[in-house]
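Q: okay, sequence plus prediction incoming.
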Amino acid sequence: MNKRVYLDYSATTPVKKEVLDAMYPYFDEKFGNASSIYSYGREAKQAIDLGRQNVARLIGAQADEIYFTAGGSEADNWAIKGIAYANKEKGNHIITTKIEHHAVLHVCEYLEKNGFEVTYLDVDEDGLIDLEDLKKAITDQTILISIMFANNEIGTIQPIEEIGKIAKENKIYFHTDAVQALGNVEIDVKKLNIDLMSVSAHKIYGPKGIGALYIKKGVKIHSFIHGGAQEKRRRAGTENTSGIIGFGKACELALENMDNHIEKLIKLREKLINGIIEKIDYVRINGHREKRLPGNANIVFEFIEGESLLLSLDLVGIAGSSGSACTSGSLDPSHVLMAIGLPHEIAHGSLRLTIGDFTTEEDIDYVLEQLPKIVERLRQMSPLYENVKGGQK
C-alpha cells in the first residue's frame, strides 16, 4: 500500500505547522505558570490573553466571554449542567434534538434522572428541526434550548439564527454545540442570539485536549471546576498554555482563510458526491444537499455493512468513518441515521467521508477509482443484492 488518503477531518485534523510553531516556545523557554506574578508567569498570561482574543474574534465574541476547557465534550457538559442547576428555581425543562452529539444527549439523560424534564425534537429526512415543533415544545418551565449548529455525522446545518430568535423572544437560554461548525461556517454569536457555544481546537487544525465555552455576559451559570482563580473562578486549574496558544493560532488562520477554505471544500465535496452517484447504484446522500458543512459527504450504500466497507477502504489506504468518532466502536446503527428515518439494515451501510485543507483532487480521484470496486466486491457477497439483481423483492 503506497497511497494514503485521509478523509475523516470531522473526527480530527492534523495540527498545522504554523500552529505547532506558535506552540513550541511554551513547552520549554516560555514554560511559566500564568498565575505567577514574575516575568515567566506574565509572559504566559499575555500569550493566553492573545489566544483568548483570537478565539473570540473568530466567533464575534468579546475575549472575556471565552472560557477554556479540555475540549468540546467538557464545554457541552458545563453549558447544560451549569445552566440547569443555576436556573432550576425558574424551571426544570430543557429542549434538545434526537441527533445531538452524545456529549449533549448523555448529559440530558443524566439530568432526567435528577429532576429535570427533556424534550427531544424530531428531525426531518434531511436532519432539520421544524421551528414550529420547537415553539410548541416551549413551556413556562423551559430554561434551556440546546441544539447543535451542524451535525457531526450528516453535516446538516440547523436554522441557528431563527432558533436564537425564538429563544430570545421567550427569555430562554440558547446553547449550541458548534464543534463541527467552527472554522467551516461564518459565526457571529451576537447576530445569532447565541448565549452559550461549545467549540474545540482539534477540528480546526489545532491541538487535541483544548476547547472553549462561549458564555455571553450576564448568563447565569454555575462554575464547573472549583479550586483556583483561573477562568474567572468558573473553571479552575492551571491553564493549558501551549494548547490555548495553538487554539488561538488555529482560529486566526481559520478567520484569514475562511472564504478559500469553504470554496475549496465545497468543490471537492461535490466532485466526490457526484462521482459516487454516477459510478455506484443504490446509494443515498444523507443530510441536506445545500444546508450542510462544506466538507461533509455522508453516504449509505445499500446491501453492505459499513464496517466491512471501512476495513476494505483502509486496506487501500483510505481513511473514513461509519459515523461519529465517539461511537465508532459500537455495532449499533447511528442514532442520527435512525432519527432521519433510515431503516436499521440500511443505516448499517453508512460511510462518512469528510474533506479538509490538505485534501487534493488527486485524493478524490483515487477514492472514486477504489470505492466502486470495493462496493461491488462486497455486494457480490450479499444475498440481498443477488435478489435485487435477479429482479426479486
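A: All right, it came through fine. Numbers count the residues shown, from 1 in each chain.
Q: any idea what the closest residue to Ser321 other than its chain neighbours is bridged to?
A: In space, and not counting its chain neighbours, Ser321 is closest to Arg352: 4.4 Å by C-beta to C-beta, 6 or more residues apart in numbering. The way it works is simple: take the backbone N, C-alpha and C, and place the C-beta from them, glycine included. Arg352 has these beta-bridge partners by DSSP bridges: Asn298, Ser321.
Q: from what I can see Arg352 touches Ser322, true?
A: Yes: taking contacts as C-beta atoms under 8 Å, Arg352 lies within contact range of Ser322: 6.8 Å.
Q: these two: which has the busier surroundings?
A: The residue with more neighbours, out of Arg352 and Ser322, is Arg352; 28 against 24, by other C-beta atoms under 10 Å.
Q: quick one: that one and Leu313, what's the gap?
A: To Leu313, Arg352 is 12 Å away according to C-beta to C-beta, to the nearest Å.
Q: what of Leu192?
A: Taking C-beta to C-beta, one finds Leu192 at 37 Å from Leu313.
Q: give me the common contacts of Arg352 and Leu313.
A: Gly320 (C-beta atoms under 8 Å, 6 or more residues apart in numbering).
Q: host element of the closest residue to Gly51 other than its chain neighbours?
A: Nearest residue to Gly51 in three dimensions, chain neighbours excluded: Gly248, at 3.0 Å (C-beta to C-beta, 6+ apart). Using DSSP states H and E, Gly248 falls within helix 241-279.
Q: who touches the helix or strand following that helix?
A: Per DSSP H and E, the first helix or strand lying C-terminal to helix 241-279 is strand 283-286. Residues from elsewhere that reach strand 283-286, judged by C-beta under 8 Å, 6+ apart: 127, 153-154, 273, 276-277, 297-302, 337, 340, 342, 346, 350.
Q: and the residues you listed, which of them are buried?
A: Among the contacts of strand 283-286, the ones that count as buried by 16 or more other C-beta atoms under 10 Å are 127, 153-154, 273, 276, 297-302, 337, 340, 342, 346, 350.
Q: the residue nearest to Gly51 and Ala56 touch, don't they?
A: No: applying C-beta under 8 Å, one finds Gly248 not in contact with Ala56, separated by 9.4 Å.
Q: which of the two has more neighbours?
A: Taking neighbours as other C-beta under 10 Å, Gly248 and Ala56 compare with Gly248 leading, 31 against 20.
Q: can you tell me how far that one sits from His102?
A: For Gly248 relative to His102 (C-beta to C-beta), the value is 28 Å.
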